[in-house]
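S.K.: no FASTA, just this:
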């Protein structure tokens, strides 16, 4: 066997000689938490996963997994503001951010008729939702 899983107590940074006394908790981007909150809030209004899926425009599997993650992160979601833009607007912004990442900011801004400053604000809004952006 070339590798084996290490128990958590053996994990350490490459430069460290010993594992840390305590690991820091994971940090989720605000955009991700806001999108989780969108589904959690909408669940109170729509009583079935199918109705919620139609209203938000996400597949039922994505709705279920977001609700599950929302239950696990319930305490973290209390302080997060609910998103005000529609899911369709978020999807458009994600596509713009993906295009900017793939083809460059200058080319994307020129193609869409946006200034680079405006393009960067779109990318910032969806950071964490668009792959490597």
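M.R.: Cool, got the structure. On a predicted model such as this, the values are computed, not experimentally measured, just so you know.
S.K.: where does the chain have low pLDDT?
M.R.: 1-13, 19-20, 128-133 (pLDDT under 70).
S.K.: and after the strand or helix carrying residue 63, which helix or strand comes next?
M.R.: Using DSSP states H and E, residue 63 sits within helix 60-72. Later in the chain than helix 60-72, the nearest helix or strand by DSSP H and E is helix 74-77.
S.K.: what does that next one contact?
M.R.: By C-beta atoms under 8 Å, 6 or more residues apart in numbering, the residues outside helix 74-77 that reach it are 28, 33, 36-37, 40, 70. Heads up, the C-betas are built off the backbone N, CA and C, glycines and all.
S.K.: Spatially, which two of those residues are the most separated?
M.R.: Based on C-beta to C-beta, the longest span within those runs between 28 and 40 and measures 13.8 Å.
S.K.: who's more crowded, these two?
M.R.: residue 40 (19 against 15; other C-beta atoms under 10 Å).
S.K.: Could you look up the SS state of residue 24?
M.R.: Three-state call for residue 24 (DSSP: H, G, I helix; E, B strand; the rest coil): coil.
S.K.: That one: neighbouring residues, count only.
M.R.: Neighbour count for residue 24, taken as other C-beta under 10 Å: 6.
S.K.: what about the residue nearest in space to the middle of the chain, distance to residue 114?
M.R.: Centroid-nearest residue in the chain: residue 32, 3.0 Å away (criterion: C-alpha atoms, centre = their mean). Going from residue 32 to residue 114 by C-beta to C-beta, to the nearest Å gives 24 Å.
S.K.: try residue 108
M.R.: Residue 108 sits 8 Å away from residue 114, going by C-beta to C-beta.
S.K.: Comparing the two, which residue is more hemmed in?
M.R.: With neighbours defined as other C-beta under 10 Å, residue 108 and residue 114 compare such that residue 108 has more, 21 against 17.
S.K.: Cool, thanks, signing off.
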